[in-house]
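>>> give me the fold of what follows.
(chains A and B)
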Amino acid sequence: MLLSKVIRRTFSTGSLFTWGETTHGWGRPVNNQYFTPGAVEGANQVVQVSAGQYHLGFITKDNSVFTTGLNEDGQLGLAGESVAPRKISLDGKVNCISCGTRHSLALTHDGAVYSWGYSKAVGREGDASTPTRIPQEAF
Amino acid sequence: MSVAAADDFSVALCDQGHVYSWGFGLNYMKGWTPFNDTPAIAEPVAELLNKRHSKIKKMAAVDRFVMLLLDNGRLYSYGNSKAGVFGARTNPLVLSDLVLTSFFRTYDALYKNEKIVDFEVSAGALIFRTETDRIFYNGMFDKFQPTPFPVDVKAKKIFATDSSVGVITEEGKLYFLNDKIIEDAECIDSKNRVFYC
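Next up, the predicted model:
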């Protein structure tokens, strides 16, 4: 598909396209290098996306949060790995996600910040793979 | 408020204009606490804002650095970038002091003090737009000074990937500076190494 069509389709439907190395999924079959954009199955009405080192997260129009990719440090916010994006549960309407090297952050409409992933990165001891709200008074 | 997850540390820009950081990995940046398990005000940023009497317009944190666009149109960065997104190569293996880049002085000299109105940055590349709608980029391991985007377009959105930069125009055209993703011969401007559709 021509990239112009990809862009038009992305703009009109909120589809998500990825390309590059997919060693850990990114919504497309793994262990391939994609030099052209390809649609991520199940990613529709996407309004914001953030790519980490080996994982990515995106938000859909209804403020749901999805993640896919490497989950070695719990950066997906749920157990196991999956090529297909999976929805994670957060309280409140999320309007921004940011994926780092091996952790993730989410910001809700009412200013709540959630973090999950590599424990040292999110500032928690032990398993930090469950999205946890940072106390409001911290800011 | 905005948040950014970087290389094992996090940064938040609050509505009041304060910048907080937490996590691990800032220990090479003077003034930043080596490890915070809870968000703490980033003192170097507070000092910068006091000094410049400015507010932060946009914040980004990726890889091992933080980048701030102030409302005076100047861009500041802290940390290390081996790809040269600061406008100069810095060695990530050396635990350096706070790097207040001289990027802007260089930029001022080259481009007559134009204000920056927007930027996007990744671990490997920086792209920014000035008040006169000119677009520049640097980084990518070989561009250590701001370089004009090779195509003169009016950008609706600019973006930076790990190894390249791109522009989406008002008309919905995409220009992507790269020499790898090019597969569609109809979309190649080989002279300028730009992939466009």
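
>>> show the pLDDT at the nearest residue to B:A5 once chain neighbours are set aside.
When the adjacent residues along the chain are set aside, B:A5 lies closest to A:G100, with 3.1 Å between them (C-beta to C-beta, 6 or more residues apart in numbering or on different chains). C-beta: built from backbone N, CA, C; applies to glycine. Note for A:G100: predicted pLDDT of 93.

>>> return the backbone torsion pair for A:G100.
phi -100, psi -160 (degrees, to the nearest 10).

>>> got it, and B:M67?
Torsion angles, degrees, to the nearest 10, at B:M67: phi -130, psi 140.

>>> likewise the one 5 residues further on?
Its backbone dihedrals place B:N72 at phi -90, psi 10, with angles given as degrees, to the nearest 10.

>>> list the contacts of whatever residue of chain A ends up closest to chain B.
Going by C-beta to the nearest C-beta, chain B is nearest to A:G100 of chain A, at 3.1 Å. By C-beta atoms under 8 Å, 6 or more residues apart in numbering or on different chains, the contact set of A:G100 is A:52-53, A:75, A:117, A:121, B:4-10, B:62.

>>> now do stretch B:144-154, average pLDDT.
Stretch B:144-154 comes out at a mean pLDDT of 84.

>>> first-to-last residue distance for it?
24 Å (C-alpha to C-alpha, to the nearest Å).

>>> where does pLDDT dip in chain B?
Scanning chain B for pLDDT under 70 picks out B:25-34, B:82, B:86-113, B:178-197.

>>> whoops, chain A was the one
Looking at chain A by pLDDT under 70, you get A:1-12, A:21-25, A:30-33, A:35-36.

>>> if we use 80, what do you get?
A:1-13, A:17-38, A:82-83 (pLDDT under 80).

>>> how much space between B:I56 and chain A?
Remark: distance between B:I56 and chain A (C-beta to the nearest C-beta, to the nearest Å) = 15 Å.

>>> tally of neighbours for the residue in chain B that chain A sits nearest to?
Nearest to chain A in chain B, going by C-beta to the nearest C-beta, is B:A5, at a distance of 3.1 Å. The local packing of B:A5 (other C-beta atoms under 10 Å in any protein chain shown) involves 31 other residues.

>>> residues in contact with it?
A:50, A:52, A:98-101, A:103-105, A:115, A:117, A:121, B:61.

>>> go again using 6 Å as the cut-off
By C-beta atoms under 6 Å, 6 or more residues apart in numbering or on different chains, the residues touching B:A5 are A:S98, A:C99, A:G100, A:H103, A:S104, A:L105.

>>> tell me which element the most centrally placed residue in chain A is part of?
Taking C-alpha atoms, centre = their mean, the centroid of chain A lies closest to A:G57, which sits 0.8 Å from it. Per DSSP states H and E: A:G57 is located in strand A:55-60.

>>> show me what that strand is packed up against.
The contact analysis (3 or more C-beta pairs under 6 Å, 6 or more residues apart in numbering or on different chains; DSSP states H and E) places strand A:55-60 against strand A:46-51, strand A:65-69, strand A:94-99.
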